[in-house]
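S.K.: Build me a model:
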Amino acid sequence: MNVTRMKRAALAASVCVALAGTMFWGCGEDELLSTDSGNNGSSQPATLSLENAGMLNAMRVQEAHTPSLLGINGVVGTAVTATDRGEPAVLILTERPLNGLPLLLDGIPVIVEVSGKIVAMKGGGGGVSHTAQQTPPIQLGCSGGPALDSANGYCCGGTLGALVSQGAQQFILSNSHVFAGDVVNGGNGRVSSVGDDIQQPGLIDKNCSTAGVNVVADLSSGTTLYPPASTPNVDCAIAQVRAGMVRSDGAILEVGTISATTTGAAVNQAVKKSGRTTGLTRSTVSGLNATINVGYSNECGGGSFTKTFTGQILISNRRSGFLNSGDSGSLMVEDVTTNPRAVGLLFAGSNTIAIANPIGTVLSHLGVSLVGQ
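M.R.: Residues are numbered from 1 along each chain as shown. Predicted coordinates for the structure are as follows:
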């Protein structure tokens, strides 16, 4: 979670204070990379989706062993992936180097990656500012969040991800922990509620102030996160657009318009996203069907809880070059120039791995469709 003290202090310093002990991020703005973290080699590895027979077999093995693997102290998740030779494999993610993990599971190769703790990415880069206040109607892929997202001496925010519709009504899509992340009556005496103002840019980019901002939408859905044991397998929320405040074609900064159709994820698939902190970045899908323990705060600057997700997408995130704190809510799309199809909704990660909900699961849960060409 990217947070800012309610004082006139540098953003970089406040990130250090708020995140110490919970994330493995650099604390200076000069360390928020927006470089291409994808594969730039001349030969691209073949993509492997869950329609591949070998991947399906690896997934069955992964799911059979996941409960016991997650019972090991320091293991934070599992997924299916591919070896350097293109063979289906089981991926084990750990907080720290661990001894004694298997090399094979039922004959399937095992790859172990030290990902660090996986945490929600609430919080620019590139030639286009993703934090600046825009003149309405705005493009998405930018800084935003609830006007009341402050507590415990901090304010918070994330990314306004994409435009979706339900009948004639249009909504901004983001994460639940961005739009409805205040789930306890704690430091500010309230919880997130339907009707809350959603502003652009977010409080974190307006010195914790609502003065003169664009109020672009009104929260339309509740939390999908809390209490963690009884909530859906997604981190998503929508806010109904206010008239004239958001481009009706759903254009995203540095991406443009997207397709109205979606596509599934595949290992080695090239993807991109446009987000508040790192702007437009590219990477590749590294794992499918992931079971992941994700750490959250129960309000801005508040206490912590953990939620387990299944069936998630993993994306390479070396040195936080694809996703960083504040990029939560970004829409992940295929890396093509014109009207890319959506693949997932990004919401969490570490300095090596990013996590996305499959977009089909998100849209189905919310009962909405993407606005696109």
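
S.K.: so how far is the longest helix seen in the chain off the chain centroid?
M.R.: Secondary structure of the chain per DSSP state H: the longest helix is helix 53-70. In this view, helix 53-70 has its centroid 24 Å away from the chain centroid, taken as C-alpha atoms, centre = their mean, to the nearest Å.

S.K.: Following it in sequence, what is the next regular element?
M.R.: The C-terminal neighbour of helix 53-70 among helices and strands, as given by DSSP states H and E, is strand 75-82.

S.K.: Can you give the strand pairings for that next one, parallel or anti for each?
M.R.: strand 88-94 (antiparallel), strand 279-297 (antiparallel) (DSSP bridges).

S.K.: Need the winner for burial among those strands.
M.R.: Greatest average neighbour count among the strands paired with strand 75-82 goes to strand 88-94 (a mean of 25), per mean count of other C-beta atoms under 10 Å. C-beta here means a position set from N, CA and C on the backbone, and glycine is covered the same way.

S.K.: wait, which of the strands paired with strand 75-82 is closest to Gly372?
M.R.: With C-beta to C-beta as the measure, strand 279-297 is the member of those nearest Gly372 (17.8 Å).

S.K.: Output the longest helix of the chain as CSV, restricted to C-alpha atoms.
M.R.: Taking Å, rounded to 0.1, in the frame of the first residue of the first chain, the C-alpha atoms of helix 53-70 are listed here in CSV:
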residue,chain,number,x,y,z
ALA,A,53,-2.3,-31.2,-22.1
GLY,A,54,1.0,-31.1,-20.3
MET,A,55,0.0,-27.9,-18.5
LEU,A,56,-3.2,-29.5,-17.4
ASN,A,57,-1.3,-32.4,-16.0
ALA,A,58,1.1,-30.1,-14.2
MET,A,59,-1.9,-28.2,-12.8
ARG,A,60,-3.5,-31.3,-11.4
VAL,A,61,-0.2,-32.2,-9.7
GLN,A,62,0.2,-28.6,-8.4
GLU,A,63,-3.3,-28.5,-6.9
ALA,A,64,-2.9,-31.9,-5.3
HIS,A,65,0.3,-30.7,-3.5
THR,A,66,-0.6,-27.1,-2.8
PRO,A,67,-2.2,-27.6,0.6
SER,A,68,0.9,-29.3,2.0
LEU,A,69,3.3,-26.8,0.3
LEU,A,70,1.4,-23.8,1.8
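
S.K.: Can you point out the buried residues in it?
M.R.: 55, 58-59, 61-63, 65-66, 69-70 (16 or more other C-beta atoms under 10 Å).

S.K.: and these, which two are the farthest apart?
M.R.: Met55 and Leu70 (20.8 Å).

S.K.: wouldn't Gly153 be in contact with Gly301 here?
M.R.: Yes. Gly153 lies in contact with Gly301 (C-beta atoms under 8 Å); the separation is 6.4 Å.

S.K.: Give me the common contacts of the two.
M.R.: By C-beta atoms under 8 Å, 6 or more residues apart in numbering, Gly153 and Gly301 have these common neighbours: Gly187.

S.K.: who's more crowded, the two?
M.R.: Shown here are Gly153 and Gly301; by other C-beta atoms under 10 Å, Gly301 has more neighbours (22 against 16).

S.K.: Looks like Gln269 contacts Ser283 (just checking).
M.R.: No. If you go by C-beta under 8 Å, Gln269 and Ser283 don't touch, sitting 9.7 Å apart.

S.K.: circling back: tell me which other helices or strands the longest helix of the chain touches.
M.R.: strand 75-82, strand 88-94, strand 104-105, strand 108-114, strand 279-297 (3 or more C-beta pairs under 8 Å, 6 or more residues apart in numbering; DSSP states H and E).

S.K.: buried set for the helix or strand encompassing Val362?
M.R.: Here Val362 is covered by helix 359-366, with elements defined by DSSP H and E. Buried positions in helix 359-366, judged by neighbour count with 16+ other C-beta under 10 Å: 359, 361-363, 366.
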